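Show me the folded form of this:
(2 chains)
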Amino acid sequence: MILGTQWYILFNVIAGASAFPTDFREVAASFRIRGWRWWQQVMLPGIFPYYVTGAITASGGAWNASIVSEAVSWGPTKLSGSGLGAYIARMTGAGDYPRIALGVAVMSVFVITMNRLLWRPLYAFAQRRTRLD
Amino acid sequence: MAGKPNSPVIEMRKVCKAFAKPSGEPLPVLADIDLTLHEGEILGLLGRSGSGKSTLLRIGGGLIKPTSGDVLYRGEPLSEPAEGIAVVFQSFALFPWLTVLENVEAGLDALGLAHDEANLRATSAIDLIGLDGFQSAYPRELSGGMRQRVGFARAIVIQPVLLLMDEPFSALDVLTAETLRTDFLDLWIERQLPTKSVLLVTHNIEEAVMMCDRILVLSANPGRIAAEIPVRLPHPRSRLDAEFHNIVDEFYSILTSRTTESVGAQSQIRGGLVQPLSPVPTNRLAGFIEALAAPPYEGHAELARIAGALGLDIRDLFSIAEALHILEFAELKEGAIKLTAAGRVFAQSGIEERKRLFREHLIGFVPLAAHIRHVLDDREGHTAPRVRFESELEDHLNPSDTEKTLRAVIGWGRYAELFAYDDETKTFTARDGSGG
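Residues are numbered from 1 along each chain as shown, chains lettered A, B, ... in the order given. All right, here's what the predicted structure looks like:
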């Protein structure tokens, strides 16, 4: 899962690093901010919002993939784990509509909770920290 | 500080700088710069955009290496940012994720001071520059003027020998800029700053005359030192002073003669085809002609006066004046601008007549416009792609000047109904200027 989603983060961070303002680079160079302090005060805060954007996309992708991969069928071979994805797949197979709805609802609640509690605050924080006005 | 020249802080000998063009050829931006900055001196670098003045400042700060020539800082060759040199940036360049205090302390980083010592020095720099009480604020909470004060505090906290200022007041509104300038000058004159010398890059003539002990005028393409003028007025200086006015006027004359010379020189290269143009909107040109034709100027004005009256800064003023000079609607001479006969007719004409006149002058005096039209007329379908002209220009101009020149000629060509341009397909199409 991590292998599959690291690209989201990587490409966002690369985009962030290349969009890093020349002025900030020049400030760091002229005040001779180097080494660990350069990472801590200049580069990491600068690419942080890009990292968060990448991480949101990545976690969405990873979660999707994990739900789907709980119930895999390939021809006659059926693999099934235990979890929300498998639950929804099983109920779909059985045609139990109320339980499908329950599964989907639980999944939606999960997504919304994650969003509200983790990603939104993190994103807002990143935006606030790197904006000038 | 009309001080005697002391020991040099920075010396440049035969400094040249060229950037690579897309084709790989070198494009010179600075040529044969010789300058010496002495202790106790504020040296101004005045020039229009494209004169390489910011590049020169960065060479002085060790941020850019010259292509050739020597840079000595306190007698030693300078190859990278050195201790004792601080820069104040036009865009302030404060880290938005650090507080005012942390931003100022960031300047001290390389000195490796103990935490308490760094804190003490940062706090006293903040006090000195009038930011007391804002230590824990983030830059986004501050006004432009206060942000630049942080920029100054970050620079003076390292107690620099040399302070490099890259148009530090030009992103501020007029009143804020004036307050900050005066505050800085007060600190400098009272010798409250540990700074030994200042290099100030500006495009604002009055700012230069207000602050500097000596001013170098840079010409453009490539940047060379065109004139050196000492300002021997005592501080505090007043804009109302007659002598102040005389010096300002002297700069306007130098800059106008530079402008007309460079226009003259450019018209020699490939028949003026690659003359760089500034994209001045035609309604600004028309507005300026009208203002110049009306009383009290009656067709003739000193640039310093009309700039003040119309509230134009010198970049805008010289782009307009140069465009009118090239189009032969006005003539630039010794710090003054005078409408030509065509300019006077233009001022009195209606819309259609103005367009017709503008079209005549565009074809007659802007070889690039005539060339584009000629190519369009020769071609089947009367269209031509933008790249065709772009590549011709790029042999002589840098990409940014090429872009500006094309933008200018497109705007003027559209107004004159000489040709149309589609930005989606990047093609020119011929138009017949019969008002259709």
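
Run through the residues that contact the residue nearest in space to the middle of chain A.
Against the mean C-alpha coordinate of chain A, by C-alpha atoms, centre = their mean, the closest residue is residue A:56 at 2.6 Å. Counting by C-beta atoms under 8 Å, 6 or more residues apart in numbering or on different chains, residue A:56 makes contact with A:119, A:123. Glycine gets a C-beta too; all of them are placed from N, C-alpha and C.

Against residue B:123, how distant is it?
The spacing between residue A:56 and residue B:123, counted by C-beta to C-beta, to the nearest Å, is 39 Å.

Helix, strand, or coil at residue B:215?
Following DSSP: H, G, I helix; E, B strand; the rest coil, we place residue B:215 in the strand state.

same question, the one 10 residues further on
In the three-state summary, residue B:225 is assigned as strand, counting by three-state DSSP.

okay, now residue B:407: neighbour count?
By the measure other C-beta atoms under 10 Å in any protein chain shown, the count of residues near residue B:407 is 14.

confidence score at the closest residue to it other than its chain neighbours?
Spatially, and ignoring its direct neighbours in sequence, residue B:407 is nearest to residue B:279 (4.0 Å; C-beta to C-beta, 6 or more residues apart in numbering or on different chains). In this model, residue B:279 is scored at 92, pLDDT.

same check, this time on the one 10 residues further on
pLDDT, residue B:289: 95.

Then residue B:94?
Taking residue B:94 on its own, its pLDDT is 94.

contacting residues for it?
Going by C-beta under 8 Å, 6+ apart, residue B:94 touches A:132, B:103, B:139, B:147, B:150-151, B:154.

residues contacting residue B:139?
Counting by C-beta under 8 Å, 6+ apart, residue B:139 touches A:132, B:92, B:94-96, B:98, B:100, B:103, B:147, B:150.

From residue A:24, how far off is it?
Using C-beta to C-beta, one obtains 12 Å as the distance from residue B:139 to residue A:24.

And the helices in the stretch 151-300 of chain B?
B:174-189, B:205-211, B:242-266, B:282-293 (DSSP state H, counting those that start in this stretch).

Select, out of the ones you listed, the one closest to chain A.
Smallest distance to chain A across the helices of the stretch 151-300 of chain B (C-beta to the nearest C-beta): 15.8 Å, for helix B:174-189.

How far away from the center of its chain is that closest one?
20 Å (C-alpha atoms, centre = their mean, to the nearest Å).

Other residues contacting it?
By C-beta under 8 Å, 6+ apart, the list of residues contacting helix B:174-189 reads B:1, B:42, B:128-130, B:143-145, B:148-149, B:152, B:168-170, B:172, B:193, B:195, B:198, B:207, B:210-211, B:235-236.

Would you mind listing the buried residues in it?
Judged by neighbour count using 16 or more other C-beta atoms under 10 Å in any protein chain shown, the buried positions of helix B:174-189 are B:176-177, B:180-181, B:183-185, B:187-188.

ok, so of the residues you listed, who is nearest residue B:384?
Among these, residue B:177 lies closest to residue B:384 (C-beta to C-beta), at 45.2 Å.

Kindly provide the distance from the closest one to residue B:132.
Using C-beta to C-beta, residue B:177 is found at 21 Å from residue B:132.

Check whichever residue of the stretch 301-436 of chain B sits closest to chain A and give its pLDDT.
The stretch 301-436 of chain B approaches chain A most closely through residue B:400 (14.8 Å), counting by C-beta to the nearest C-beta. Listed pLDDT for residue B:400 reads 82.

quick one: what helix or strand has it in it?
helix B:399-415 (DSSP states H and E).

tell me the angle of that helix relative to helix B:282-293?
Helix B:399-415 and helix B:282-293 are oriented at 80 degrees to each other (axes from the mean of the first three to the mean of the last three C-alpha atoms, to 10 degrees).

C-terminal to helix B:399-415, what's the next element?
strand B:419-422.

related to what we said a few turns ago, count the residues that sit near the residue nearest to residue B:407.
16.

Could you tell me the backbone phi and psi angles at it?
Backbone dihedrals for residue B:279, given as degrees, to the nearest 10, come out at phi -70, psi 80.

Next: residue B:87.
The phi/psi pair for residue B:87 (degrees, to the nearest 10) reads phi -120, psi 140.

try residue B:138
The phi/psi pair for residue B:138 (degrees, to the nearest 10) is phi -90, psi 150.
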